[in-house]
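Engineer: got a sequence here, can you model it:
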Amino acid sequence: AAAARPAKRAKTRGRAKKTPKELPGLICDDAVLHIPGALTPRDLAALDEFLDSPEVRKELFDAVLHDSEDTQYGSRKCDAAWLKLQSLPAQRKFRAAVKAANDHWELLPRTAAGNHTCVYEDAQYTEYRGDREAHFKQWHLDAHAGGDDAEDARAITIVALLAEPFEDYAGGDFEVMTPDWPDGARHVVDWNRGDLIAFPAQTCWHRVMPTTKGLRRTIVIWAKTH
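Structural biologist: From the prediction side, this is the model:
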């Protein structure tokens, strides 16, 4: 039961036109931190080579969830692979994004010295193929406060876009609902290949609409409290 209002295409606050040197900014009613151009062309080339390697290709599995009204584990159709964060090229960029997000929302514990501390779940590499109309169209959270599942320790979600919208794929919009599901406002994240977004795993309702052409590729990182 999605909101009836038309989706807003989210722009980083204060920007007129996207440029490679643009600074991080809050979008989607301040629910999402957008980090444009976080991954350089060199980072992206290294990631492409790694993700196309036989070692990663053999780890891909059909990550289908059957249609359901469950708002955490609802309808999804994509291919995915679980990868160790330390194996990823540009892993420092992902860790830096977690720090930037925690500086905004203070979701992770801090040491006596003031540094945040967290546990990283395995990274999820996802492929949304247009020939499958792949999606994660069910509105969902990545974790639930007070829940008993291992995933409920997730505090911060980082998503890296590895494909260029309108060039490498069509459709596949990343939508966010604020302030809450099901009666909030829908926003479409406006991002490019190499951008990162970060959001609170337990409070940011989101979904991925069907990819209708090409291949949409992302990496998702979760920083957990324990």
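Engineer: counting contacts, what elements does the longest helix seen in the chain pack onto?
Structural biologist: Assignment by DSSP state H gives helix 91-105 as the longest helix of the chain. Helices and strands touching helix 91-105, by 3 or more C-beta pairs under 8 Å, 6 or more residues apart in numbering; DSSP states H and E, are strand 32-35, strand 154-161, strand 196-200, strand 211-224. Where you see a C-beta, it was placed from the backbone N, CA and C, and this is true even at glycine.
Engineer: of all those, which lies closest to residue 136?
Structural biologist: Closest approach to residue 136 among these (C-beta to C-beta): strand 211-224, 10.4 Å.
Engineer: contacts only, for the residue positioned nearest the centre of the chain.
Structural biologist: The centre of the chain sits closest to residue 159, judged by C-alpha atoms, centre = their mean, with a distance of 2.8 Å. By C-beta atoms under 8 Å, 6 or more residues apart in numbering, the contact list for residue 159 reads 174, 196-198, 218-221.
Engineer: and residue 117, by the same measure?
Structural biologist: 108-111.
Engineer: next, it: phi, psi?
Structural biologist: Geometry field for residue 117 lists phi and psi as phi -130, psi 140, criterion degrees, to the nearest 10.
Engineer: pLDDT score assigned to it?
Structural biologist: Residue 117 is assigned 96 on the pLDDT scale.
Engineer: one more: residue 64?
Structural biologist: With respect to pLDDT, residue 64 scores 86.
Engineer: what's around it, how many residues?
Structural biologist: By other C-beta atoms under 10 Å, the residues close to residue 64 number 13.
Engineer: so how far is residue 207 from it?
Structural biologist: 16 Å (C-beta to C-beta, to the nearest Å).
Engineer: for residue 208, name its beta-bridge partners.
Structural biologist: residue 136, residue 174 (DSSP bridges).
Engineer: my guess is it meets residue 128, correct?
Structural biologist: Yes - counting by C-beta atoms under 8 Å, residue 208 sits close enough to residue 128 to count as a contact (6.6 Å).
Engineer: neighbour count for those two, which is higher?
Structural biologist: residue 128 (27 against 24).
Engineer: of the contacts of residue 117, buried ones?
Structural biologist: residue 108 (16 or more other C-beta atoms under 10 Å).
Engineer: possible to save the contacts of residue 117 as JSON lines with pLDDT, distance to residue 153 and secondary structure?
Structural biologist: Below are those laid out as JSON lines (pLDDT from 0 to 100; distance: C-beta to C-beta, whole Å; DSSP: H, G, I helix; E, B strand; the rest coil):
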{"residue": "108", "pLDDT": "97", "distance to residue 153": "11", "secondary structure": "coil"}
{"residue": "109", "pLDDT": "95", "distance to residue 153": "12", "secondary structure": "coil"}
{"residue": "110", "pLDDT": "94", "distance to residue 153": "17", "secondary structure": "strand"}
{"residue": "111", "pLDDT": "94", "distance to residue 153": "18", "secondary structure": "coil"}
